[in-house]
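Enquirer: my questions concern the predicted model and sequence given below.
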Amino acid sequence: MSATPEQIASALGASLARATRVAGGDVAIAYCLDLSDGRRVFAKTHANPAPLAFSTEAAGLSWLRDSATLALPEVLEVSDDPPFLVLEWIERGRPDSRTEAALGRALARLHATGAPSFGREDRRSTGSRGLPNEPCGSWAEFYATQRLLPLARLAADGKALSARSLRELHEIAARLADLGGPVEPPARLHGDLWGGNRLVGTDGENWLIDPAAHGGHREFDLAMMRLFGGFGDACFAAYAELTPLAEGWRERVALHQLAPLVVHAIKFGGGYVEAVDGALSGYR
């Protein structure tokens, strides 16, 4: 059962002055809460969340904030029973001439802070399909066993993809050591970096929200950013100036986009099924 605004305010040691519904992701119930002590906070809850969903998100936000490289909202309170997450309120503004390049440089610094392994030390699943994050010693092992193969099983169970696409997902999973380019250490990833998970504050500063944080290949975040748009050329140019990608990265964009595309094919079908086939076609 979802938490009420009154319950959330009480957990913060205040009473509720006003609760206003706001956008808050795929299925979360999100609020702007004005509290009796003058604070304004963002809070979200869910009627039937995945186990430990909010504490996992909170841990991911804190891990990314620990890098001291870019802005993420502070976790003010979190509970899995009743389920809710409270974050500092971000007043939205408009980007300025520095915003895109600033994000590219900050993201490069975030990735460079690294991770203990590919995956998560706490082994918690992330994302709307609860994908596993068992620690792995290589990107090829991680992307195969924690992303492509679990997604192929989910897609098969839901009859979301053709038999040919499922077979090709398995074949690519077996070839990742050859397809993935030069070996790199695990980067500290946001993990779900589409345009809706970047907010711009009143001073033009970039804020990242709603992570599926884990240790992974830095090309994954950048490929996700290119999948749905919302990021300017100056962002990618600034990233490349600070930490260039390995040769052949353009040919690997579709490889990294496979995981989010399969997730969307499972959830929504339609054009995403064809998009998966298009991404697979480059590796036949």
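Expert: Okay, I see it.

Enquirer: got the CA coordinates for the longest helix along the chain in CSV?
Expert: Longest helix of the chain, by residue count under DSSP state H: helix 249-268. The C-alpha trace of helix 249-268 is given here as CSV (Å, rounded to 0.1, in the frame of the first residue of the first chain):
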residue,chain,number,x,y,z
TRP,A,249,32.6,3.4,-30.2
ARG,A,250,30.1,4.4,-32.9
GLU,A,251,29.8,0.8,-34.0
ARG,A,252,29.0,-0.2,-30.4
VAL,A,253,26.2,2.3,-29.7
ALA,A,254,23.5,-0.1,-30.9
LEU,A,255,25.1,-2.9,-28.8
HIS,A,256,24.7,-0.8,-25.6
GLN,A,257,21.2,0.3,-26.6
LEU,A,258,20.0,-3.3,-26.9
ALA,A,259,19.3,-3.7,-23.2
PRO,A,260,17.0,-0.6,-22.9
LEU,A,261,15.4,-1.4,-26.3
VAL,A,262,14.5,-4.9,-25.2
VAL,A,263,13.1,-3.5,-21.9
HIS,A,264,10.8,-1.2,-23.9
ALA,A,265,9.8,-4.0,-26.3
ILE,A,266,8.7,-6.1,-23.3
LYS,A,267,6.8,-3.2,-21.8
PHE,A,268,5.3,-1.5,-24.8
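
Enquirer: show residues contacting it.
Expert: 127-129, 131, 143, 147-148, 151-152, 154-155, 158, 160-161, 169, 172, 179-181, 192, 217, 219-220, 222-224, 226-227, 272-273, 275-276, 278-280, 282-283 (C-beta atoms under 8 Å, 6 or more residues apart in numbering). Every residue, glycine included, has its C-beta placed from N, CA and C.

Enquirer: how about stretch 95-105?
Expert: 70, 198, 200, 204-206, 231-242.

Enquirer: try 7 Å
Expert: Contacts to stretch 95-105, defined as C-beta atoms under 7 Å, 6 or more residues apart in numbering, come from residues Val200, Gly204, Asn206, Phe231, Gly232, Ala234, Cys235, Phe236, Ala237, Ala238, Tyr239, Leu242.

Enquirer: re earlier: buried ones among the contacts of helix 249-268?
Expert: Neighbour-count burial (16 or more other C-beta atoms under 10 Å) applied to those gives 127-129, 131, 143, 147-148, 151-152, 154-155, 160-161, 169, 172, 179-181, 192, 217, 219-220, 222-224, 227, 272-273, 275-276, 279-280.

Enquirer: taking the contacts of stretch 95-105, tell me the two that lie furthest apart.
Expert: Among the contacts of stretch 95-105, the pair separated by the greatest distance (C-beta to C-beta) is Val200 and Leu242, at 20.5 Å.

Enquirer: higher neighbour count, the two?
Expert: Val200 (18 against 15; other C-beta atoms under 10 Å).

Enquirer: what about the nearest residue to that one once chain neighbours are set aside, how many neighbours?
Expert: Spatial nearest neighbour of Val200, chain neighbours left out: Pro95 (5.0 Å); criterion: C-beta to C-beta, 6 or more residues apart in numbering. The number of residues packed near Pro95 is 16, by other C-beta under 10 Å.

Enquirer: mind checking what secondary structure Pro95 has?
Expert: Classification of Pro95 using DSSP: H, G, I helix; E, B strand; the rest coil returns coil.

Enquirer: what's the spacing between it and Ala237?
Expert: Using C-beta to C-beta, to the nearest Å, Pro95 is found at 15 Å from Ala237.
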